[in-house]
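Peer 1: Got a sequence here, can you build the structure:
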Amino acid sequence: HVIFTFNGSDALNLALRSIARPGDHVVTTAMDHNSVLRPLSALESQLGVQWTAVEVHPETTLLDPGAIRAAMRPNTRLVVVCHASNVTGVLQPLGEIAAVCRERGVLLLVDAAQSAGHVPINFAALGVDLLATPGHKGLLGPLGTGVLLIRAGVEREMRTVREGGTGSASELAV
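Peer 2: Below you'll find the predicted structure:
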């Protein structure tokens, strides 16, 4: 499924806010962007969502999938990983991280702001559940565009975060 958004930050916010529920735990990394860290902090204060930022290797800045596994709790619902760092250029091992998430039944959200359009990303083969990216960077689209890709079936795990009219019957909830 594809949702067009205002930008990459909007795509990340939409994914985080539609997946995380009160009492959930989220694992992210110390390398993640404020477009992940700030919404997680807001979800912590608004809904009681707990989150853990896993450190990366100090020299290579690579994320150890075992560290993701170790940070998971019984209530971990989501792992968020920045695919490519705009500071170091490192590409995180998405396939290995996705395997850890699958074995624990945890969703994986990838921030591909720096990688989409620059390196091949096989969404289905990697086992990624959600992928957020802006349109204006590597995808060479206009400013003010973004995309949230959602693996089929994950939409049933998401709750609505924006509501609107149904066209001619705007008073209806559905």
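Peer 1: what's the burial count for residue 68?
Peer 2: As a burial measure, residue 68 scores 25 neighbours (other C-beta atoms under 10 Å). No exception for glycine: its C-beta is placed from N, CA and C like everyone else's.
Peer 1: wait, doesn't it sit right on residue 100?
Peer 2: Yes. Residue 68 is within contact range of residue 100, at 5.3 Å (criterion: C-beta atoms under 8 Å).
Peer 1: Can you check which residues contact both of those two?
Peer 2: Common neighbours of residue 68 and residue 100 (criterion: C-beta atoms under 8 Å, 6 or more residues apart in numbering): residue 79.
Peer 1: and after the longest strand along the chain, which helix or strand comes next?
Peer 2: Using DSSP state E, we find that the single longest strand of the chain is strand 76-82. Per DSSP states H and E, the first helix or strand lying C-terminal to strand 76-82 is helix 94-104.
Peer 1: any idea of the angle that next one forms with strand 76-82?
Peer 2: Computed by axes from the mean of the first three to the mean of the last three C-alpha atoms, to 10 degrees, the angle separating helix 94-104 from strand 76-82 equals 180 degrees.
Peer 1: Tell me the helices and strands packed up against helix 94-104.
Peer 2: Here helix 94-104 touches helix 65-71, strand 76-82, strand 107-111, helix 123-126, going by 3 or more C-beta pairs under 8 Å, 6 or more residues apart in numbering; DSSP states H and E.
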